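Participant: Predicted structure and sequence below. I'll ask about it afterward.
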Amino acid sequence: MATVTLRGLTKKFGDNTVVDRVDLEIPNGTLVSILGPSGCGKTTLLRMIAGFEIPNEGDILFDGESVASVSPSKRNIGMVFQSYALFPHMTVRDNVAYGLEQRKLDKKQIDERVASVLETVRMSEYAKRKPSQLSGGQQQRVALARALAISPRLLLLDESLSALDKKLRVEMQVELRRILEETRVTTFFVTHDQEEAMTLSDLVIVMNEGRIEQVGTPADVYEKPQNAFVAGFLGKANFFTRSDGTSFAVRPEKIHITSEEHGAKQTGRLAYVIYSGNMTTYGVESDGHVIVCEKQNTDVREPLEKGQTVYLAWDEASEIHL
């Protein structure tokens with residue numbers, strides 16, 4: 001495990017600055033998700049930490065020691081990619097043992113370590129199978145076991161759940177969190193899935209145009225975004241402007257929608273209703289734009305229909321000041 005420090009980290013491709021003077025310190029044993037739109041620099045940042053890309057400026061430190069000039073093979077990093085990159089001709093056991101064999105450990109050490117990590121990822125009974133005989137979720141566990149087998153100082157996951165279907169992906173989020181809490185390896189997880197980042201992380205990093213917009217716990221970044229970009233990117237947000245020109249945002253689930261005018265802050269026409277099982281999403285046309293509201297389906301006493309006039313209210317404490 002390692003404390004990771006980035007100082008003024010910059011990467012350019014020609015005239016294009018992909019990562020721009022990033023400063024960051026991640027405590028030992030922390031699970032970090034890196035979020036941001038396509039092209040924001042999150043994968044390039046991960047590749048610099050791994051050593052696959054050389055920064056133009058700045059430094060990377062593990063436990064206070066610079067690794068900027070250290071080759072990827074010498075950084076003792078475990079990586080899991082979207083494709084998993086398992087060796088198809090090898091069994092599960094041999095895939096997991098591969099990195100240990102390259103390090104010239106003796107057979108007893110290898111057998112003990114492989115057995116331990118396969119138990120951690122709950123794949124012991126599949127040790128003799130080939131990757132083609134496994135489901136996508138099982139292959140993901142084997143790739144994770146192989147990365148953990150070498151006792152890495154740092155674990156890097158690049159969209160490692162994106163190939164799974166929705167149901168399996170949600171199940172693996174819970175499993176991955178359990179495994180990483182057990183091993184306490186400092187982990188960087190790049191993902192496009194905001195829900196996934198919130199589920200898995202101790203800290204969330206939101207990037208935009210090569211820079212870090214905000215770092216914080218999932219609750220802090222969601223409930224207290226530091227600017228309009230973070231508020232709009234992480235989750236949904238409705239933006240409002242006061243008469244004095246100041247702006248604020250309100251999350252859709254914080255807005256109460258009703259057919260009764262009492263206490264309303266906004267009035268509008270119900271433009272659409274989307275039923276999603278556990279919740280309903282309402283789009284309300286008001287003052288030339290659409291306000292999105294979300295309501296848990298715990299109370300169906302007041303069905304609202306498209307086209308009717310509705311009234312919106314929220315607590316001032318729910319307002320995100322921008």
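Facilitator: Cool, the structure landed.
Participant: tell me which residues in the helix or strand harbouring residue 310 are buried?
Facilitator: Secondary structure assignment for residue 310, by DSSP states H and E: strand 309-313. For strand 309-313, the neighbour count (16 or more other C-beta atoms under 10 Å) marks 310, 311, 312 as buried. C-beta: built from backbone N, CA, C; applies to glycine.
Participant: With stretch 278-290 instead?
Facilitator: 280, 281, 282, 283, 284.
Participant: what does stretch 247-258 give?
Facilitator: So stretch 247-258, judged by 16+ other C-beta under 10 Å, has buried residues 248, 249, 250, 251, 252, 253, 254, 255, 256, 257.
Participant: Out of these, which sit inside helices?
Facilitator: Among the buried residues of stretch 247-258, no member falls in helices (DSSP state H).
Participant: Tell me which two of those residues sit farthest apart.
Facilitator: Farthest pair in the buried residues of stretch 247-258 (C-beta to C-beta) is 248 and 257. Separation: 18.4 Å.
Participant: What are the contacting residues of the longest helix along the chain?
Facilitator: Ranked by residue count and defined by DSSP H, the top helix of the chain is helix 166-183. Residues outside helix 166-183 that contact it (C-beta atoms under 8 Å, 6 or more residues apart in numbering): 31, 120-122, 135-137, 140-141, 144, 148, 155, 161-162, 164, 187, 193, 196, 199-200.
Participant: one more time with 7 Å, if that's ok
Facilitator: 31, 120-121, 136-137, 140, 144, 148, 161, 164, 187, 196, 199-200 (C-beta atoms under 7 Å, 6 or more residues apart in numbering).
Participant: Convert the C-alpha atoms of it to CSV, please.
Facilitator: Provided in CSV are the C-alpha atoms of helix 166-183 (Å, rounded to 0.1, in the frame of the first residue of the first chain):
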residue,chain,number,x,y,z
LYS,A,166,-26.3,-3.8,-15.7
LYS,A,167,-27.4,-6.4,-13.1
LEU,A,168,-24.0,-8.1,-12.9
ARG,A,169,-22.3,-4.7,-12.8
VAL,A,170,-24.2,-3.7,-9.7
GLU,A,171,-23.5,-7.0,-8.0
MET,A,172,-19.7,-6.6,-8.8
GLN,A,173,-19.7,-3.1,-7.4
VAL,A,174,-20.6,-4.5,-4.0
GLU,A,175,-18.2,-7.4,-4.4
LEU,A,176,-15.3,-5.1,-5.5
ARG,A,177,-15.9,-2.8,-2.6
ARG,A,178,-15.8,-5.8,-0.2
ILE,A,179,-12.5,-7.1,-1.7
LEU,A,180,-10.8,-3.7,-1.7
GLU,A,181,-11.9,-3.1,1.9
GLU,A,182,-10.4,-6.5,2.9
THR,A,183,-7.1,-5.9,1.1
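Participant: so after that helix, what's the next helix or strand?
Facilitator: From helix 166-183, the next helix or strand downstream (DSSP H and E) is strand 186-190.
Participant: Give me the angle between that next one and helix 166-183.
Facilitator: 160 degrees (axes from the mean of the first three to the mean of the last three C-alpha atoms, to 10 degrees).
Participant: secondary structure class for residue 283?
Facilitator: strand (DSSP: H, G, I helix; E, B strand; the rest coil).
Participant: dump the residue contacts of the residue nearest to residue 48 when sequence neighbours are not counted.
Facilitator: Sequence neighbours aside, residue 55 is the residue nearest to residue 48 in space, at 5.4 Å (criterion: C-beta to C-beta, 6 or more residues apart in numbering). Contacts for residue 55 (C-beta under 7 Å, 6+ apart) come out as 9, 10, 11, 48, 68.
Participant: mind checking how far the closest residue to the first one other than its chain neighbours is from residue 22?
Facilitator: Residue nearest to residue 9 in three dimensions, not counting chain neighbours: residue 58, with 3.8 Å by C-beta to C-beta, 6+ apart. Counting by C-beta to C-beta, to the nearest Å, the gap between residue 58 and residue 22 amounts to 7 Å.
Participant: Overlap of the contact sets of the two?
Facilitator: Counting by C-beta under 7 Å, 6+ apart, the residues touching both residue 58 and residue 22 are 6, 9.
Participant: where do the strands sit along the stretch 101-250 of the chain?
Facilitator: Using DSSP state E, counting those that start in this stretch, the strands of the stretch 101-250 of the chain run over 154-158, 186-190, 203-208, 211-216, 238-241, 247-250.
Participant: Pick the most buried one from these.
Facilitator: strand 186-190 (a mean of 25; mean count of other C-beta atoms under 10 Å).
Participant: So which residue is smack in the middle of this structure?
Facilitator: residue 197 (2.6 Å; C-alpha atoms, centre = their mean).
Participant: No further queries at this time; thank you.
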